[in-house]
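Q: what follows is a predicted protein model with its sequence.
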Amino acid sequence: MRIVLLGGPGSGKGTQAKKLVDKYGIPQISTGDIFRAALKEGTPMGLKAKTYMDKGELVPDDVVVGVVEERLKKPDLDKGFMLDGFPRTLPQAEALDRILGSMSKKVDHAVLVDVPDQELMARLTGRRTCRNSNCGKMYHVMFNPPKKEGVCDACGSELYQRDDDSEATIRERLNVYNAQTAPLIDYYKEKGLLRRVEGVGPIDEIFASIVKILG
Ligand code: AP5
Ligand code: MG
Ligand code: ZN
């Protein structure tokens, strides 16, 4: 099962991906997480990505496509994968089709977690993320608080607030999403792969709608 998760910043792609990993046992590939991990290690790629991420802009296509291509060639993807935050531009979507095609594979479902812009700001300003990169669970101070403030329920690590979750940067990420990523909805619709899911409501209900689609 090869899935692309589409949706604006804060729509819940990461939240749902973690639950899907538990249910289906297929890896989550989040380009944002890959860049944040690279930055933590201080690699040149991580440092380059940060200059874009801090402004809410997209990392250039050639960098992102290179990273994804390398990841898709690893041997743990026999049962499939979930792409979270990739593709984000038409050239990225075309590159994905080309890379998968060269391995005689294709995307099975493009799941759009549909949330209106006005809801996204509140979600992102209150988000907290587990610092342990093997866990990386997301919480929200109001909508999905941890049992103990500032501590991950799943692994006990500290929670932190992402650098790009300031109001000004969120606004720019929303603009970028609408201008550059939203056109992918039509791209996948035309291929008959788009599965739209209502993204407002309890996290478990949204998860149930996605599972219904994936079977
Ligand atoms: P990335 O890390 O992908 O960020 P994003 O797309 O902006 O999405 P988020 O991770 O912010 O949101 P999410 O949908 O995962 O929501 P979450 O589940 O956390 O990218 C960051 C940056 O990296 C980009 O800006 C760009 O610079 C670069 N980049 C990455 N990929 C790239 C690419 N392909 N090309 C170029 N550049 C790239 O949920 C958000 C909050 O809401 C949480 O607090 C959660 O608890 C809460 N929540 C979730 N579901 C619900 C619900 N149903 N009700 C209430 N609250 C909820
Ligand atoms: Mg995410
Ligand atoms: Zn954790």
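A: That came through, no problem. Ligands and ions are numbered 1, 2, ... in the order given.

Q: do a quick rundown of the strands in this structure.
A: Secondary structure of the chain (DSSP state E): strands located at 2-6, 28-30, 81-84, 109-114, 127-130, 138-140, 159-160, 194-198.

Q: contacting residues around the fourth one?
A: Residues outside strand 109-114 that contact it (CB atoms under 8 Å, 6 or more residues apart in numbering) are 1-7, 11-13, 16, 184-185, 188, 191, 193-199, 206, 210, 213-214. For the C-beta atoms, the positions are set from N, CA and C on the backbone; glycine is no exception.

Q: direction included, what does that strand pair up with?
A: Strand pairing for strand 109-114, determined by DSSP bridges: strand 2-6 (parallel), strand 194-198 (parallel).

Q: want to throw these into TSV with mean neighbour count?
A: Converted to TSV, the strands paired with strand 109-114 look like this (neighbours: other CB atoms under 10 Å):
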stretch	mean neighbour count
strand 2-6	25
strand 194-198	17
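
Q: which of those sits closest to Ala49?
A: Among the strands paired with strand 109-114, strand 2-6 comes nearest to Ala49, with 19.6 Å by CB to CB.

Q: distance of Val141 from Asp165?
A: 12 Å (CB to CB, to the nearest Å).

Q: those two: which is more packed in?
A: Applying other CB atoms under 10 Å to Val141 and Asp165 shows that Asp165 carries more neighbours, namely 19 against 15.

Q: for that one, which non-adjacent residue is closest in space?
A: Nearest non-adjacent residue to Asp165, counting by CB to CB, 6 or more residues apart in numbering: Leu124, 5.0 Å away.

Q: let me see the contact set for the one you found.
A: Here Leu124 is in contact with Pro9, Gly10, Asp165, Ile170 (criterion: CB under 8 Å, 6+ apart).

Q: in the chain, which residue sits nearest ligand 1?
A: Gly32 (1.9 Å; CB to the nearest ligand atom).

Q: that residue contacts Gly85, correct?
A: Yes. Look at Gly32 against Gly85 with CB atoms under 8 Å: they come within range, at 4.8 Å.

Q: neighbour count winner among these two?
A: Each of Gly32 and Gly85 has its neighbours counted (other CB under 10 Å); Gly85 has more, 23 against 19.

Q: residues touching that one, list them.
A: Leu5, Lys13, Ser30, Thr31, Gly32.

Q: repeat for Tyr139
A: Tyr139 neighbours (CB under 8 Å, 6+ apart): Arg127, Arg128, Thr129, Cys130, Pro145, Pro146, Cys152, Asp153, Leu159.

Q: distance-wise, check it relative to ligand 3.
A: 9 Å (CB to the ion, to the nearest Å).

Q: just Leu77 next, same as before
A: Counting by CB to the ion, the gap from Leu77 to ligand 3 is 24 Å.

Q: ok, that residue - how many residues close by?
A: 16.
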